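dropping a prediction and its sequence here:
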Amino acid sequence: MGLTKAPIFVVGCPRSGTTLLYHMLLSTGMFANYRAETHVFNVLVPRFGNLARLSQRTNLIDEWLKTDYFRATGLEANELRGRVIRDCHSGGDFLRIVMGAVAEQQGVNRWSECTPEHVLFLSEIKREIPEAKVIHIIRDGRDVAVSLERQGWIRPLAWDRTNSLLVAGLYWQYVVQEGRRLGRSIAPDYLEIQFERLVADPREELHAVSGFIEQPLDYDEILRKGIGSVTRPNSSFPLPGEGISFDPVGRWKQRSEPEIARLEKLIGTSLNAFGYDTQTHLEDNLQLRRMRIMYPALFRSKHWLKTKTLLGRLSDATVLHEPVLEDRD
């Protein structure tokens, strides 16, 4: 198998297993070991604007060097600052410079990136890093919704506070549909894999990933090095006790039947499209129809505001100074 230096982007709806797959790649020892999300396209570019302007990229690097995201690189600040100011004209350039430097320092010739929300920026990524390959990991939307609700990451409108599980499910549907739509436009450099199959039969799934990224993936070697969630599975759900085997599949079954019936009524078509069986025969109603129309439009509007307006840019100003998150699945 011929080796390539093409960077790999692991993306998907948050809580879908992106970190597990990313840490599997890092555990091969063939990719730069950067244990954090980069937030380049979903935060840095919207926040700092056109990096072709010297003032904008200067503001970016001066702010970024104060964060844990920089400290996680292990790089020397002054040299990196000079390279960014001299050579960075886009988010893609910033990633190439930073991740390329990390790879060089660690003696490897390849890097990967794992910011789940970058699934909504595949066009920008492919335009600025044409050789990039994208792996979209998809997980049962019911499990994702339960996890997102538990984390409180998706906020429903005031009158839907008691329907937070449904709103989280609609967010999953919006993200995976957008990711699939954008992915088709960058084929053949786009691959979908399912979290449940990766957990159940990692050797088989990694074989498919290996062919796609043109890199041999030895599962025994991955287990031996065991970076991050490969040996310490991340879970937002407390297990019954220490030493209990990790089982992240089908946790939605712990919720009440009426809750899941309503959730399946909202996102069942998408669940079925990805091979997930549903059982509900609930009749549609006005509330569910309203949510089905309103929330996708709301998510699209928020994405537009975040990426195209000053208000959206300011809303993410605090992300850079939050603790680095390396385990979000």
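Nice, I can see it.

show me the shaky parts of the stretch 201-329 of the chain.
Residue ranges of the stretch 201-329 of the chain with pLDDT under 70: 232-246, 311-329.

what about the helices in it?
Taking DSSP state H, counting those that start in this stretch as the criterion, the stretch 201-329 of the chain carries its helices at 202-213, 219-225, 257-273, 286-308, 310-315.

among these, which is nearest residue 29?
Among the helices of the stretch 201-329 of the chain, helix 219-225 comes nearest to residue 29, with 6.3 Å by C-beta to C-beta. In this view, the C-beta of every residue, glycine as well, is placed from N, C-alpha and C.

what ranges does the stretch 1-150 of the chain have for its strands?
8-11, 112-113, 133-138 (DSSP state E, counting those that start in this stretch).

how close does the spatially most distant residue from the centre of the chain sit to residue 173?
Here the centre of the chain is the reference, and by C-alpha atoms, centre = their mean the most remote residue is residue 283, at 33.6 Å. Distance, residue 283 to residue 173, using C-beta to C-beta, to the nearest Å: 20 Å.

wouldn't residue 58 be in contact with residue 85 here?
Yes - applying C-beta atoms under 8 Å, one finds residue 58 in contact with residue 85, separated by 5.9 Å.

who's in contact with residue 102?
32-34, 73-75, 111 (C-beta atoms under 8 Å, 6 or more residues apart in numbering).

ok, how many other residues are close to residue 258?
Using other C-beta atoms under 10 Å, residue 258 has 10 other residues around it.

returning to what we had before: I'd like to know which of the helices of the stretch 201-329 of the chain is closest to residue 105.
Comparing those by C-beta to C-beta, helix 219-225 comes nearest, at 18.4 Å.

just checking, what packs against the closest one?
helix 202-213 (3 or more C-beta pairs under 8 Å, 6 or more residues apart in numbering; DSSP states H and E).

what distance separates the helix it packs on from the centre of its chain?
19 Å (C-alpha atoms, centre = their mean, to the nearest Å).

let's see it as CSV, backbone CA atoms only.
Coordinates of each C-alpha in helix 202-213 appear next as CSV, following Å, rounded to 0.1, in the frame of the first residue of the first chain:
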residue,chain,number,x,y,z
PRO,A,202,-12.8,-2.7,15.0
ARG,A,203,-10.6,-4.8,12.9
GLU,A,204,-13.1,-4.9,10.0
GLU,A,205,-13.9,-1.2,10.2
LEU,A,206,-10.3,-0.2,10.5
HIS,A,207,-9.6,-2.3,7.4
ALA,A,208,-12.0,-0.1,5.4
VAL,A,209,-10.4,3.0,7.0
SER,A,210,-6.9,1.8,6.1
GLY,A,211,-7.8,1.5,2.4
PHE,A,212,-9.4,5.0,2.4
ILE,A,213,-6.5,6.8,4.1
